[in-house]
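Asks: Sequence and predicted structure are below.
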Amino acid sequence: MSDRLEDIAARMVTPGKGILAADESSGTIKKRFDSIGLTSTEDARRDYRELLFRSDDAMKNYISGVILYDETIRQKAKDGTPLVELIARSGAVPGIKVDAGAKPLTFQKGETITEGLDGLGERLKEYYGLGARFAKWRAVIDIGPSMPSHNCINANAHALARYAALCQEAGIVPIVEPEVLMDGPVATHDADTCYKVTEWTLKTVFQELYYAGVNLEGMVLKPNMIVPGKNSPKKASPAEVAEKTVMVLKACVPPAVPGIAFLSGGQSDGLATEHLSLMNAAGGLPWSLTFSYGRALQAATIKTWGGKPENVAAAQRAFLHRARMNGLAAAGKWSQDAEKKAA
Ligand code: 13P
């Protein structure tokens, strides 16, 4: 397999496939396990991730890459096989979350800056040795009465660009993820406000990527879709979400970027799939458009599993179903009919 950045990026956005975001930090996976009444131990986290990566049909046919957390990239399956190897065997590219999380941004109440640049070059070398060929860094932009600030957008865009350059220097494809939140503490904004903030954010990010000398052909963008905040009184139809999302991306993302893989951000499983499918069905896009979902790929799987070994096969079927629906969406071919038939 070629190690050129451009070739790895192309594999990550293979038509009809997408990325599984399984990089929940220990704090986040604990929340997911709490919802099924399961204690988050190292073994439970291993068992759950092993269940996903051993879902052969889902992995081979619909998953192009998997984002891991530091603990997982070092973990072995029950039989001693490194989890990274299970992923690689399925044909998917192993990746790693390298940011150290969103921390309070000084003098900007309620806003955050994503940390983790110190020593990143060294850590990337180690992750390369462990098998990672792409990385992820998530910047968080919230919308509120006096948010976002210039400082928040600039500081986060600058950090994303420094991260992306360090990745490329280490032979690792950066997933550049500036997330404009739909589920922040206020989240009463409408879709048009999301559009304006996303446009501002993406313009700033691509400016910083340019200053940092990042090769656009060797990266993948992971943006939010244009959706109203979860507490907004003004809802948006799937057609409106699809249209506005494509419009903002066309205005901000150079065609040199090979692919865009969306986060789900708190959308329901079904809507995250429908939105993606509508965008691809419309056609005429200069980049490959796919998914890099965490919650929208895993919610049904975790619920079906419930932490019980006897439910592993059923949970894998739930994962296959969701992965297949999103695989169809990545090709613009998802339908309510396909959804119902399989269910
Ligand atoms: P969600 O799809 O649950 O938003 O997670 C994707 C992700 O990787 C966020 O960084």
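Replies: Noted; the coordinates are in hand.
Asks: For the ligand, see how far away Met1 is.
Replies: Separation of Met1 from the ligand (Cβ to the nearest ligand atom, to the nearest Å) stands at 24 Å. Every residue, glycine included, has its C-beta placed from N, CA and C.
Asks: where along the stretch 101-250 of the chain do the strands fall?
Replies: 102-104, 112-114, 134-141, 173-180, 220-221 (DSSP state E, counting those that start in this stretch).
Asks: and Asp23, how many neighbours?
Replies: Using other Cβ atoms under 10 Å, Asp23 is surrounded by 23 other residues.
Asks: In what element of secondary structure is it found?
Replies: Counting by DSSP states H and E, no helix or strand carries Asp23.
Asks: Now for the residue in the stretch 201-343 of the chain that the ligand sits nearest to: which residues touch it?
Replies: As assessed by Cβ to the nearest ligand atom, the ligand sits closest to Gly294 within the stretch 201-343 of the chain, at 2.8 Å. Gly294 makes contact with 21-24, 263-264, according to Cβ atoms under 8 Å, 6 or more residues apart in numbering.
Asks: Let me have the residues you listed in a markdown table, adding pLDDT as columns.
Replies: Below are these laid out as a markdown table (pLDDT from 0 to 100):
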| residue | pLDDT |
| --- | --- |
| Ala21 | 98 |
| Ala22 | 98 |
| Asp23 | 98 |
| Glu24 | 97 |
| Leu263 | 98 |
| Ser264 | 98 |
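Asks: mind putting these in a markdown table, distance to Tyr69 included?
Replies: Shown next, in a markdown table, are these (distance: Cβ to Cβ, whole Å):
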| residue | distance to Tyr69 |
| --- | --- |
| Ala21 | 10 |
| Ala22 | 8 |
| Asp23 | 5 |
| Glu24 | 6 |
| Leu263 | 16 |
| Ser264 | 18 |
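Asks: check those residues against the ligand, which are close?
Replies: 21, 263-264 (Cβ under 6 Å from any ligand atom).
Asks: Give me the subset of these lying in strands.
Replies: If you go by DSSP state E, the ones next to the ligand among the contacts of Gly294 have Ala21 in strands.
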